[in-house]
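**Student:** How does the following fold in three dimensions:
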Amino acid sequence: MKEITAIIRRDKVPETKRVLDELGYPSLTIQSVDGRGKQKGAMCAEMDSEMPESFCTAARLKPTPSTYALEHTLPKAALFVPKKLLTIVVPDEAVTMLVKAIVRVNRTGRHGDGKVFVSPVDGALRIRTGERDGEAIA
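**Tutor:** Next up, the predicted model:
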């Protein structure tokens with residue numbers, strides 16, 4: 001078993017969920033997260049200017065100063081970009097197919113498209129039934 005963790009743009013969540021569901025993997029966990037990459041959050045202004053005004057304001061990126069930046073004097077506030085973190089545990093044989101699908105849906109070619117991580121999972125247990133490993137993730 002493997003755990004696929006994907007950090008993606010917020011506006012790509014519905015399409016990503018749809019594609020995973022179509023591939024037979026509807027079960028996942030989604031979290032709202034803030035972070036930054038090599039651009040240190042600076043890409044926010046660039047991306048906001050590229051988005052049309054008609055774009056849903058809820059999906060627009062809003063840079064958020066870090067708590068540290070608010071409490072200390074910094075030459076430039078450290079900005080974090082709001083993203084979504086998707087986690088899904090799947091059998092080993094499904095990893096390549098699902099990673100390709102996640103990348104296909106989320107690649108725009110611009111900074112901030114996200115990252116995908118694949119990690120081994122030693123075991124799983126469904127609390128309700130006591131099923132273990134492959135049965136627990138099915």
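
**Student:** C-alpha from now on. contacts and neighbour counts both.
**Tutor:** Noted.

**Student:** Kindly export the longest helix along the chain (C-alpha atoms) in CSV.
**Tutor:** Of all the segments assigned as helix in the chain under DSSP state H, the longest by residue count is helix 95-106. Provided in CSV are the C-alpha atoms of helix 95-106 (Å, rounded to 0.1, in the frame of the first residue of the first chain):
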residue,chain,number,x,y,z
VAL,A,95,-0.1,4.5,-7.7
THR,A,96,1.3,5.2,-11.2
MET,A,97,-2.2,5.6,-12.7
LEU,A,98,-3.5,7.9,-9.9
VAL,A,99,-0.4,10.1,-9.8
LYS,A,100,-0.5,10.6,-13.6
ALA,A,101,-4.2,11.5,-13.3
ILE,A,102,-3.6,14.0,-10.5
VAL,A,103,-0.7,15.6,-12.4
ARG,A,104,-2.8,15.8,-15.7
VAL,A,105,-5.6,17.6,-13.9
ASN,A,106,-3.5,20.0,-11.9
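
**Student:** Now do the buried residues in the following helix or strand past it.
**Tutor:** Once helix 95-106 ends, the next helix or strand along the chain (criterion: DSSP states H and E) is strand 115-120. Under the neighbour-count criterion of 16 or more other C-alpha atoms under 10 Å, strand 115-120 has Val118 buried.

**Student:** Which pLDDT does the model give Arg36?
**Tutor:** On pLDDT, Arg36 comes in at 82.

**Student:** Same check on Gly24?
**Tutor:** The model's pLDDT for Gly24 equals 97.

**Student:** Neighbours of it, how many?
**Tutor:** Using other C-alpha atoms under 10 Å, the number of residues around Gly24 comes to 11.

**Student:** All the helices of the chain, in order from the start?
**Tutor:** Assigned by DSSP H, the helices in the chain fall at 13-22, 43-50, 67-71, 95-106, 134-137.

**Student:** just to revisit the earlier point, for the longest helix of the chain, packing partners?
**Tutor:** Here helix 95-106 touches strand 2-8, helix 13-22, going by 3 or more C-alpha pairs under 8 Å, 6 or more residues apart in numbering; DSSP states H and E.

**Student:** now with 10 Å?
**Tutor:** If you count contacts as 3 or more C-alpha pairs under 10 Å, 6 or more residues apart in numbering; DSSP states H and E, helix 95-106 packs onto strand 2-8, helix 13-22, strand 79-90, strand 115-120.
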